[in-house]
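> sequence plus predicted model, see below.
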Amino acid sequence: MNDASPPAFFRQSHAPDDRQRWAVKIEYDGTGLVGWQRQKAGLSVQQLLEEAAARLAGGRDVPSITAGRTDARVHATGQVAHLDFPISMPLNPRAVRDGLSYHLKDHPVVILAAAPVAPTWSARFSAIRRRYRYRLLNRPSRPGIEANRVWHVRHPLDVPAMQSATQILLGQHDFSTFRAVACQAKSPIRTLDRLDITRDGDLILFDVEARSFLHHQVRNLVGTLQLIGCRRWDSEHLRTALEARDRCAGGPTAPSEGLYLVGVDYDPDPFG
């Protein structure tokens, strides 16, 4: 399959009459992948999924739409996408799950669940909440087993100080300070519903929830909160940065390999 943009038929939010729409829940290790979206060079999750679906469909194209486009080296334990299979195919949840996983067996991408959905259901637009976890390894020694799966920070971090500072970020704000310069969202206004920080041994976990996020928002928030954890910033510095509405006022972007899309919520949940 080529890297050209799909025709308008494949960009429709409503499945055509000759197609049946299926939701799939996906787990993947983003190491070595260029992210979700197809690129001119390198393997993407979208390319691997659509090629697996095409094999399952006997060579016919099967387009996909995702709940969230993850960047290169970002992982997922609960990504969701929808696929439009030919309506003539006799499919059931087990056949879709196991058939796709079989054709993905040479890659670190697995289908956890599959479910038929209405032609108007959208993995992207039907989502009511997206949940991310960022994993930071806080110890002097570099990661061995966790290499490419955490951000390694050697200096000690003050978790209570970071926890206290999160109160400034909760709720609805203009998050321009924490969006990527190349972010294409029409508005920087977002509502952050949850930002919990906990320590589990040497791991510091950032659990973040919102209906939607700006490009790099979670990684920029984590990178900035890390400045508070190492006492380079305090809470008032964070408040000033948020109110500046300027990316240059924020902290660094945390590395992509520590970020995981852990879940996408729908009402009702197509996976039961």
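Ah, there it is.
> every contact and neighbour count from this point should use C-alpha atoms.
OK.
> contacting residues for the residue sitting furthest away from the middle of the chain?
The outermost residue of the chain relative to its centre, with distances by Cα atoms, centre = their mean, is Ser88 at 32.1 Å. The neighbours of Ser88, taking Cα atoms under 8 Å, 6 or more residues apart in numbering as the test, are Asp18, Arg19.
> tell me the SS of it?
Here Ser88 takes the coil state, with states given by DSSP: H, G, I helix; E, B strand; the rest coil.
> any idea how far Leu100 is from it?
18 Å (Cα to Cα, to the nearest Å).
> so Val208 makes contact with Thr166?
No. Using Cα atoms under 8 Å, Val208 is not in contact with Thr166; the gap is 10.5 Å.
> so the two - more neighbours on which side?
Val208 (21 against 17; other Cα atoms under 10 Å).
> so is the more buried one in a helix, a strand, or just coil?
strand.
> for it, which non-adjacent residue is spatially closest?
Leaving aside its chain neighbours, Val208 sits nearest to Leu195 (4.5 Å; criterion: Cα to Cα, 6 or more residues apart in numbering).
> try Arg133
Once flanking residues are discounted, Arg133 sits nearest to Asp207: 4.6 Å by Cα to Cα, 6+ apart.
> check contacts around that neighbour.
Arg131, Tyr132, Arg133, Tyr134, Arg194, Leu195, Asp196, Ile197.
> name the member of these with the most neighbours.
In terms of neighbour count, Tyr134 stands highest of these at 26 neighbours, by other Cα under 10 Å.
> so it belongs to a helix, correct?
No. Going by three-state DSSP, the assignment for Tyr134 is strand, not a helix.
> what ranges does the stretch 151-272 of the chain have for its helices?
Taking DSSP state H, counting those that start in this stretch, the helices of the stretch 151-272 of the chain run over residues 159-165, 217-229, 235-244.
> quick one: closest of those helices to Asn148.
Closest to Asn148 of those, according to Cα to Cα: helix 217-229, at 15.2 Å.
> send me the closest one as PDB with only the CA atoms.
Taking C-alpha atoms only, helix 217-229 is exported to PDB below (Å, rounded to 0.1, in the frame of the first residue of the first chain):
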ATOM      1  CA  GLN A 217       0.400  18.900  25.700                       C
ATOM      2  CA  VAL A 218       1.000  16.000  28.100                       C
ATOM      3  CA  ARG A 219       4.700  15.800  27.400                       C
ATOM      4  CA  ASN A 220       5.100  19.600  27.900                       C
ATOM      5  CA  LEU A 221       3.200  19.500  31.200                       C
ATOM      6  CA  VAL A 222       5.400  16.600  32.400                       C
ATOM      7  CA  GLY A 223       8.600  18.400  31.300                       C
ATOM      8  CA  THR A 224       7.500  21.600  33.200                       C
ATOM      9  CA  LEU A 225       6.400  19.800  36.300                       C
ATOM     10  CA  GLN A 226       9.800  18.100  36.400                       C
ATOM     11  CA  LEU A 227      11.300  21.500  36.900                       C
ATOM     12  CA  ILE A 228       9.200  21.900  40.000                       C
ATOM     13  CA  GLY A 229      10.200  18.400  41.200                       C
END
